[in-house]
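Novice: Provided below for reference: sequence and predicted model.
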Amino acid sequence: MNLIHLGLNNEFQDLATPFIEQGFSLGRVALEHKHIYRIYTEHGELLAEIAGKLRFEAQGIEDFPAVGDWVAIKPRAEEGKATIHAVLPRKSKFSRNNAGMTTEEQIVATNVDYVFLVTALNNDFNIRRLERYLIMAWESGATPVIILSKADLCSDVQDKLAAVESIAIGVPVHILSSVTKEGIEDIAQYVKPGITAALLGSSGVGKSTLINQLYGEDIQKVNDIRQGDDRGKHTTTHRELIILPSGGIIIDTHGMRELQLWEGGQGFTESFKDIEDLARECRFTDCTHKNEPHCAVKLAIEEGRLDAERFTSYLKTQRELQYLERKEKLKARADHKKAMKKK
């Protein structure tokens with residue numbers, strides 16, 4: 001396999017130099033299942049396990065390989081196997097908070113150039129959920145691109161397009177129809193040799209169909225739309241790196257039923273840039289946008305320049321991130337106490 005086509009660039013080559021000098025080879029993680037990894041290498045496709053030292057030194061889930069990672073390996077090509085000894089630093093990382101009561105990072109994809117945020121224009125359309133995807137996309141370090149799929153099932157495409165553009169300032173938005181093939185060529189332009197894009201969205205929005213069309217043949221299972229709610233059935237059950245015949249790379253992900261934020265400093269600011277800009281026009285720097293005079297945010301809502309529901313979403317997301325930050329600080333303190341007791 002050509003590592004350049006797999007996304008190996010000068011930056012990663014520099015990061016890999018110390019490992020290469022020690023006799024390691026490079027590979028890229030294509031799939032992970034219960035800590036068994038399928039990796040693509042210059043020796044071909046290998047199955048790999050983590051070295052004991054790497055497992056022992058890992059402080060958390062973020063230290064283990066994820067789909068998209070470049071890893072330093074000792075290959076056993078004749079066996080079709082390898083051992084992973086290190087994970088190279090990531091240039092981008094799309095994470096979410098693991099579903100459940102605990103605060104734990106779940107890495108969805110790494111080393112991605114573009115994040116394709118796919119949402120269907122039928123009954124699945126949800127502008128508030130798209131806002132959350134945008135926060136996570138900006139926070140990842142990759143460039144977000146919004147894909148509005150199933151245009152053939154929508155009677156008010158332009159209205160929904162306008163709604164998306166109002167909350168996705170500066171983000172490219174593409175209309176897609178698997179029936180008419182509208183938008184496929186535009187999306188294919190992003191995924192060039194050496195470029196990696198991750199597909200993210202709810203179950204049944206058409207991610208597998210899009211992959212099949214970009215690939216040129218049906219490599220992913222696609223189910224019909226369910227009767228009653230106009231949604232596609234869940235098909236993809238894992239994350240996987242797919243090499244397109246064009247040389248580009250797609251990371252397919254399973255549908256996210258629950259989208260809990262993991263972090264959102266810069267991502268929050270980028271996603272709600274319109275409100276953040278308005279807030280800077282308020283008379284008071286600590287304006288809460290409630291009862292203060294000369295509040296630019298309240299005025300924008302009154303004049304119809306800012307949607308009240310978007311502002312409510314802004315406040316809700318802000319509180320959620322503040323709560324998450326407090327939980328993370330408490331967890332860090334607890335972990336520190338445990339570490340001190342062991343000494």
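Specialist: Done, it's in. What you see is a predicted model; the values in this text were computed from it and never measured.

Novice: where does the spatially most central residue of the chain sit: helix, strand or coil?
Specialist: Nearest to the geometric centre of the chain sits residue 94, at 4.0 Å (C-alpha atoms, centre = their mean). At residue 94 the chain is in strand, as set by DSSP: H, G, I helix; E, B strand; the rest coil.

Novice: please give me every residue in contact with it.
Specialist: Contacts for residue 94 were tallied using C-beta atoms under 8 Å, 6 or more residues apart in numbering; they are 107, 108, 109, 110, 112, 115, 136, 137, 140, 142, 198, 200. The C-beta positions use only the backbone N, C-alpha and C, and glycine is treated the same way.

Novice: redo that, cut-off 6 Å
Specialist: Residue 94 is in contact with 108, 109, 140, counting by C-beta atoms under 6 Å, 6 or more residues apart in numbering.

Novice: residue 193 - how many residues pack around it?
Specialist: 15 (other C-beta atoms under 10 Å).

Novice: what about the nearest residue to it once chain neighbours are set aside, helix or strand, and which?
Specialist: Nearest residue to residue 193, sequence neighbours excluded (C-beta to C-beta, 6 or more residues apart in numbering): residue 247, at 3.0 Å. In the assignment (DSSP states H and E), residue 247 maps to no helix and no strand.

Novice: surely residue 247 touches residue 7?
Specialist: No. Counting by C-beta atoms under 6 Å, residue 7 is not a contact partner of residue 247; they are 10.1 Å apart.

Novice: which one's more surrounded, those two?
Specialist: Ranked by neighbour count (other C-beta under 10 Å), residue 247 and residue 7 place residue 7 first, with 22 against 15.

Novice: quick one: terminal-to-terminal distance for stretch 190-198?
Specialist: Using C-alpha to C-alpha, to the nearest Å, one end of stretch 190-198 lies 11 Å from the other.

Novice: tell me the buried residues in that stretch?
Specialist: 190, 191, 194, 195, 196, 197, 198 (16 or more other C-beta atoms under 10 Å).

Novice: would you turn the contacts of residue 94 into CSV with pLDDT and secondary structure?
Specialist: As requested, the contacts of residue 94 are arranged in CSV below (pLDDT from 0 to 100; DSSP: H, G, I helix; E, B strand; the rest coil):
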residue, pLDDT, secondary structure
108, 89, strand
109, 92, strand
140, 87, helix
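
Novice: list just the nearest of those residues to residue 26.
Specialist: Comparing those against residue 26 with C-beta to C-beta places residue 109 closest, at 18.5 Å.

Novice: surely that closest one and residue 200 touch.
Specialist: No. The criterion here is C-beta under 6 Å, and residue 109 misses it with residue 200 at 8.0 Å.

Novice: so who does residue 201 touch?
Specialist: Residue 201 neighbours (C-beta under 6 Å, 6+ apart): 118, 119, 207.

Novice: recalculate using a threshold of 7 Å.
Specialist: Under the criterion of C-beta atoms under 7 Å, 6 or more residues apart in numbering, the contact list for residue 201 reads 117, 118, 119, 207, 255.

Novice: now for the nearest residue to residue 23 once chain neighbours are set aside, how many residues are close by?
Specialist: Closest residue to residue 23 apart from its sequence neighbours, by C-beta to C-beta, 6+ apart: residue 74 at 7.9 Å. Residues near residue 74, counting by other C-beta under 10 Å, number 14.

Novice: ok, and what's touching the helix or strand containing residue 74?
Specialist: In this structure, residue 74 sits in strand 70-76 according to DSSP H and E. The contact list for strand 70-76 (C-beta under 7 Å, 6+ apart) reads 12, 16, 19, 24-29, 39, 41, 43, 46, 48, 65, 82-88, 111.

Novice: need the next SSE after the longest strand seen in the chain, C-terminal direction.
Specialist: Identified as the longest strand of the chain according to DSSP state E is strand 25-33. Using DSSP H and E, the helix or strand that directly follows strand 25-33 along the chain is strand 36-41.

Novice: and that next one, C-alpha only, in PDB?
Specialist: Provided in PDB are the C-alpha atoms of strand 36-41 (Å, rounded to 0.1, in the frame of the first residue of the first chain):
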ATOM      1  CA  ILE A  36      -7.700  -5.800  17.900                       C
ATOM      2  CA  TYR A  37      -6.800  -3.500  15.100                       C
ATOM      3  CA  ARG A  38      -6.800  -3.800  11.300                       C
ATOM      4  CA  ILE A  39      -4.000  -1.600  10.000                       C
ATOM      5  CA  TYR A  40      -2.900  -0.600   6.500                       C
ATOM      6  CA  THR A  41       0.900  -0.700   6.000                       C
END
